[in-house]
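Chemist: Return a 3D structure for these sequence lines:
(chains A and B)
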Amino acid sequence: KNQVEQSPQSLIILEGKNCTLQCNYTVSPFSNLRWYKQDTGRGPVSLTIMTFSENTKSNGRYTATLDADTKQSSLHITASQLSDSASYICVVGATSGTYKYIFGTGTRLKVLA
Amino acid sequence: DAGVIQSPRHEVTEMGQEVTLRCKPISGHNSLFWYRQTMMRGLELLIYFNNNVPIDDSGMPEDRFSAKMPNASFSTLKIQPSEPRDSAVYFCASSWEETQYFGPGTRLLVL
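Modeler: The predicted model follows:
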């Protein structure tokens, strides 16, 4: 069964600290993995997209890693800011005839001053 | 560019009524996606179009849901009849290549 699991479910950190969010998936055949940031009351915004051959991709203070062998991805946030408070959603794309998206339930991050 | 435009932003209706959600994708984008988001189920893909043609509607929950894309600049998601369990935020997204751009969403409440 295609599944995407994210951990932790929620996280609270102090401003300026680093954090890492995890995404484990059992999706086949794997096509790509995306990380989205969703602010409260708004639509998701794409942070990174990685294909099978990529194992790291950065977008400013956000760095995503992908281990296709262990089917794990992480999103590392460096020097967190208050504006990083949001939900972070991992989405895995699968191709099996038609294109499928399997969504994680997200990690809710709160950055405190 | 104004981004993906959705209307209405909020909709409150009574069970049994027809609901139509509208989406204007970013000009030049060739793919359009409809999503539903709830606290219980998270984000779910309902249907997506490529070049105005529905490619995969396996996420559409029931026959009460239908989506159309009559041209490259407009799409609708219709629920008829609506039920309280349809209450959710409905997002439209468009893309040209890999990156999807989401609209602000329509918050639907069915009483």
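
Chemist: Next, residue A:82: phi, psi?
Modeler: Note on residue A:82: backbone dihedrals following degrees, to the nearest 10 are phi -60, psi -30.

Chemist: and it, how many neighbours does it have?
Modeler: Residues near residue A:82, counting by other C-beta atoms under 10 Å in any protein chain shown, number 10. Using the backbone N, CA and C atoms, a C-beta is placed for each residue, glycine as well.

Chemist: surely it meets residue A:16?
Modeler: No - the criterion here is C-beta atoms under 8 Å, and residue A:82 misses it with residue A:16 at 10.2 Å.

Chemist: Close to chain B: what parts of chain A are there?
Modeler: Residues of chain A lying close to chain B by C-beta under 8 Å from any C-beta of the partner chain are A:32, A:42-46, A:49, A:89, A:91, A:98-101, A:103-106.

Chemist: Tell me the buried residues within the residues you listed.
Modeler: A:32, A:43-44, A:46, A:49, A:89, A:91, A:99-101, A:103-106 (16 or more other C-beta atoms under 10 Å in any protein chain shown).

Chemist: any chance of the residues you listed in JSON lines, plus pLDDT, secondary structure and distance to residue B:11?
Modeler: As requested, these are exported to JSON lines (pLDDT from 0 to 100; DSSP: H, G, I helix; E, B strand; the rest coil; distance: C-beta to C-beta, whole Å):
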{"residue": "A:32", "pLDDT": "92", "secondary structure": "strand", "distance to residue B:11": "33"}
{"residue": "A:43", "pLDDT": "94", "secondary structure": "coil", "distance to residue B:11": "16"}
{"residue": "A:44", "pLDDT": "95", "secondary structure": "coil", "distance to residue B:11": "20"}
{"residue": "A:46", "pLDDT": "93", "secondary structure": "strand", "distance to residue B:11": "26"}
{"residue": "A:49", "pLDDT": "92", "secondary structure": "strand", "distance to residue B:11": "32"}
{"residue": "A:89", "pLDDT": "96", "secondary structure": "strand", "distance to residue B:11": "24"}
{"residue": "A:91", "pLDDT": "94", "secondary structure": "strand", "distance to residue B:11": "26"}
{"residue": "A:99", "pLDDT": "67", "secondary structure": "strand", "distance to residue B:11": "29"}
{"residue": "A:100", "pLDDT": "78", "secondary structure": "strand", "distance to residue B:11": "28"}
{"residue": "A:101", "pLDDT": "84", "secondary structure": "strand", "distance to residue B:11": "25"}
{"residue": "A:103", "pLDDT": "90", "secondary structure": "strand", "distance to residue B:11": "23"}
{"residue": "A:104", "pLDDT": "93", "secondary structure": "coil", "distance to residue B:11": "27"}
{"residue": "A:105", "pLDDT": "90", "secondary structure": "coil", "distance to residue B:11": "25"}
{"residue": "A:106", "pLDDT": "94", "secondary structure": "coil", "distance to residue B:11": "24"}
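
Chemist: All the helices of chain A, in order from the start?
Modeler: Using DSSP state H, chain A contains no helices.

Chemist: Where does pLDDT dip in it?
Modeler: Counting by pLDDT under 70, chain A has low-confidence residues at A:96-99.

Chemist: By proximity to chain B, which residue of it wins?
Modeler: residue A:43 (3.1 Å; C-beta to the nearest C-beta).
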